[in-house]
Structure formats: C-alpha cells, structure tokens
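Novice: The following block contains a protein sequence and its predicted model.
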Amino acid sequence: MRSVALSPQARADALAAMAGTELDVLVIGGGVVGAGSALDAATRGLTVGLVEARDFASGTSSRSSKLIHGGLRYLEMLDFRLVAEALQERGLLIQTIAPHLVRPVPFIYPLQHRVWERFYAGAGVALYDTLGLLSGRARGVPHHTHLTRSGAKRIMPSLRKDALVGALQYYDAQVDDARHTMFVARTAAAYGAHVASRARVVGLLREGERVTGAEVLDLESGETFKVRAKQVVNATGVWTDDTQGLVGERGQFKVRASKGIHLVVPRDRIQGDSGLILRTEKSVLFVIPWFRHWIIGTTDTDWSLDKAHPAASAADIDYLLDHVNAVLEQPLTHADVEGVYAGLRPLLSGESESTSKLSREHAVAHPVPGLVVVAGGKYTTYRVMAKDAVD
Ligand SMILES: Cc1cc2nc3c(=O)[nH]c(=O)nc-3n(C[C@H](O)[C@H](O)[C@H](O)COP(=O)(O)OP(=O)(O)OC[C@H]3O[C@@H](n4cnc5c(N)ncnc54)[C@H](O)[C@@H]3O)c2cc1C
C-alpha cells in the first residue's frame, strides 16, 4: 500500500480522474460511513470516488462522544445483537484496525442503592463483558470490577461522598473521531480511491429510472462537472433526506436529526483517573477524560434549523451542569466551561417519539437501480454499515 497525502494536488488529480472515467462506485459524503464505504469498495478492487461537500468528518463524525462502545444502555432495551456487534467492532478497532487511535478508557458507575442495584447493574456489566468475549475476539479491554465507596473515591476524589454507596468500574474505548475518519479516507485513497473534499453533489444523473452518476460542484473553482458511476452510495448522514430529494423519489426510510451537545472542561476541575457514567431521567451522561480536558455529554433534543451549524442552548448547558454537579464535591460553573460543541445524530425515523429511546441501528436501501442509501447506526459500527452498503 502506498502512502497518500490528502493534498490540494491529490484533490485536483482526484477530481480530474472522476470526471474522466466511469467509476464502479461513487460515494457521497465524507463522514465515517462514506469514508468507510470508499475504503471497503476500494479494497475489493473496485474503482471508487468519494466526494465530501465540506471537510472530512465536518458533519456528525467530528462531534460525537468519541466512544467506541457497545452501548451499555442498549442492554436495558434487550438489544443484545446490536451490543455484541458493536463490541466485536470495538475489539477489532483497539487491536487490529487502529490501535494508534483507539484506546481503552475506564468508567465508574456510582451506585445509589445498596443491594439490588449492585446486583442489577453488576449483572449488566458482567453481561457486557461476556458479550465482548462471545463476539469471538479478545475484548481488548480489562474486565469490570466492583468498588466500595472509598475505593471509588480513591479513583475519583472529586465524587461527593453522599452521591454513592459503592460503584462499578468497567471499560470501553475512545477515539479521536475526526482524525480517525480522515485516516479512513486517506487509507481509501492509498488503495486507489479518488477522494475530494469541498466537492458537493448538486444533482444525480439519470438514464430512465437508473441513477448513473452525479453532478458535482467543485467549491474551490465554482465549476460543476459530471461523475459517471455504475453505483452511487448516498452516505450523507443527517443530510440523507436532502440528497434523496435530488432523485425526486420518496426514500424507503427517513432520517431525522437529534441534537447532542458536549461541554469541554479543564482536567484539573475534576480530580480523578476514570470516566464517569451517570444515569439521567432520559438516558445516560458521560464524563470522559480527554487529554488535558474532560468531555461531558450528552443531550438529546430535536433540531430543525441549519444542519451544518447545530448549536447548544443555555438550557442544554444547564442540563449537563446540573446532572454532573449532582455527584461532584466542587460544582462546576459556567466559567469552567472552556468549550461547547454540538452534533446531530442521524436517526432512522422510528416508531418512538422520544429520540433517546430509538435504537441506533442502521439501514441500507436500494430505492432505484444504481443508487444505494446507508444511514443510521453509530460511529462504532461504521465498518459494518460500509460493508452492508457495498454488498
Ligand atoms: C452528540 C453525539 C454523540 C455521539 N457519540 C457517539 C459515540 O460516542 N460513539 C458512537 O459510536 N457513535 C456516536 N455518535 C453517532 C456517530 O457520531 C454517527 O452515527 C456517525 O458519526 C455518523 O456518520 P455519517 O458518516 O453517517 O454522517 P456524517 O459524519 O454527518 O457524514 C455525512 C457527510 O455527508 C456530507 N454531505 C452532505 N450532503 C452532501 C452532498 N450533497 N455532497 C457531498 N457531501 C455531502 C456532509 O458534509 C457530511 O460530512 C454520536 C452522535 C452524536 C450527535
């Protein structure tokens, strides 16, 4: 495999190559799912193009909680298959695919009730660890442990004494999401994919019913050109309904945007060596160690404004501060918040009105010949989504 830089020259070469040939596969969208689809297709020996309207990972794929996880809370929804699949991906990412970017991270789960909660939550994390093993791969993270209150306080001195009667500590993994997505796109380029950022699909080419490529606007030159492809993969996350609108057909599923925000707080504001997972009335909240900072998130509310610029509201910020302060000895204030970022989850429109109850499963559809749509899922399972789309 040759090493390829995603340079201006490489971009110009990729655009010229895409304009001058019929590709096997053109992927729209340079988030983790589109980059993953381009890599999957290129490593199967197909000729591939990947066009991203802004920058790689500029959409949801740079705004996540940066966890590579099975999703402990999906166990409560009895979604064992989904959890096992994600844990298999977690093991693969830590040990084989990206050990330089994905690493284990511990989490403390404070217990508030003495007997039944230790039994209930303990059974949950034991099952979580076991599903990680049953996936047929080494877990890649240590086994969970039970902690007394003072044991938990030794690891997280900032925890308020009356906020817990004991705790569990389990492991998941974390990733630099934007950097990882960029590397997936770059690896696809190294396997021969023509990869271009700042290249927006503004129309789809049709021959009768069939989609035969796309009309692409080069946002650097302002020129529009045609890219012909035997198959077009629409991997545009929360923009799926807009890009599907270019076909002029009703999609087989709809994707709606659910906003989640994170606070970025200096590391010295919370003393401790472990992440925290806290239950909230709607879902869970993570306090995640991130180099010299903590990332605290997330929320779950509908968003119908500009998808390119989701923003946090004062209510979102207060919600996170209130919940994390409930367990901290020294409460955080607005002055401790050094940064805030917001992202939009691409959720398949489902039966439930409450977005946090929707499982994060993905879907692949083939609405017309020549066009494949892939959406939903979560960062952790991008490789499965990519494979399903290319299959
Ligand atoms: C707050 C939050 C926390 C999350 N935390 C986690 C987590 O910890 N772990 C986890 O596994 N998952 C997590 N997720 C989910 C995960 O981040 C997403 O499922 C994943 O990043 C979606 O990737 P994507 O490629 O489908 O979408 P995106 O990353 O949004 O990519 C779509 C791309 O398509 C491009 N595009 C749109 N229209 C066009 C066009 N016309 N032409 C060309 N390009 C176009 C966009 O610019 C964009 O870059 C989280 C999500 C949110 C919002």
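Specialist: Thanks, I have it. Numbers count the residues shown, from 1 in each chain.

Novice: right, quick check: stretch 330-343 against the ligand, any contact?
Specialist: Yes. Stretch 330-343 lies within reach of the ligand by Cβ under 6 Å from any ligand atom, at residue 343. Using the backbone N, CA and C atoms, a C-beta is placed for each residue, glycine as well.

Novice: Any chance you could give me that stretch in CSV, C-alpha atoms only?
Specialist: In CSV, the C-alpha atoms belonging to stretch 330-343 read as follows (Å, rounded to 0.1, in the frame of the first residue of the first chain):
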residue,chain,number,x,y,z
GLN,A,330,-16.9,21.1,43.9
PRO,A,331,-19.7,22.1,41.5
LEU,A,332,-18.7,23.2,38.0
THR,A,333,-19.9,26.7,36.9
HIS,A,334,-20.3,28.3,33.5
ALA,A,335,-16.8,29.8,34.0
ASP,A,336,-15.3,26.3,34.0
VAL,A,337,-16.7,25.6,30.5
GLU,A,338,-13.9,26.2,28.0
GLY,A,339,-15.8,24.9,25.0
VAL,A,340,-19.1,23.5,23.8
TYR,A,341,-19.7,21.5,20.7
ALA,A,342,-23.0,20.2,19.2
GLY,A,343,-23.6,17.4,16.7
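
Novice: what is the rounded mean pLDDT of that stretch?
Specialist: The pLDDT scores in stretch 330-343 average 98.

Novice: tell me the SS of the closest residue to the ligand within the stretch 251-391 of the chain?
Specialist: Nearest residue of the stretch 251-391 of the chain to the ligand (Cβ to the nearest ligand atom) works out as residue 260 at 2.5 Å. Three-state assignment for residue 260 (DSSP: H, G, I helix; E, B strand; the rest coil): strand.

Novice: Return the residues of the stretch 51-200 of the chain in contact with the ligand.
Specialist: Counting by Cβ under 6 Å from any ligand atom, the stretch 51-200 of the chain sits next to the ligand at 51-54, 58-61, 63-67, 69, 200.

Novice: which residues in this protein form helices?
Specialist: Secondary structure of the chain (DSSP state H): helices at 8-19, 32-42, 72-76, 80-92, 115-134, 149-155, 177-190, 240-245, 314-325, 382-390.

Novice: is the last one anywhere near the ligand?
Specialist: Just to be clear, that refers to helix 382-390. No. Judged by Cβ under 6 Å from any ligand atom, helix 382-390 and the ligand are separated, with a smallest distance of 6.7 Å.

Novice: Out of the helices of the chain, which is the most enclosed?
Specialist: helix 32-42 (a mean of 30; mean count of other Cβ atoms under 10 Å).

Novice: Run the chain-centre distance for stretch 196-204.
Specialist: Offset of stretch 196-204 from its chain centre (Cα atoms, centre = their mean, to the nearest Å): 22 Å.

Novice: Name the residues of it that are buried.
Specialist: 196, 197, 198, 199, 200, 201, 204 (16 or more other Cβ atoms under 10 Å).

Novice: As TSV, those with pLDDT would be great.
Specialist: Formatted as TSV, the buried residues of stretch 196-204 follow (pLDDT from 0 to 100):
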residue	pLDDT
196	98
197	98
198	98
199	98
200	98
201	98
204	97
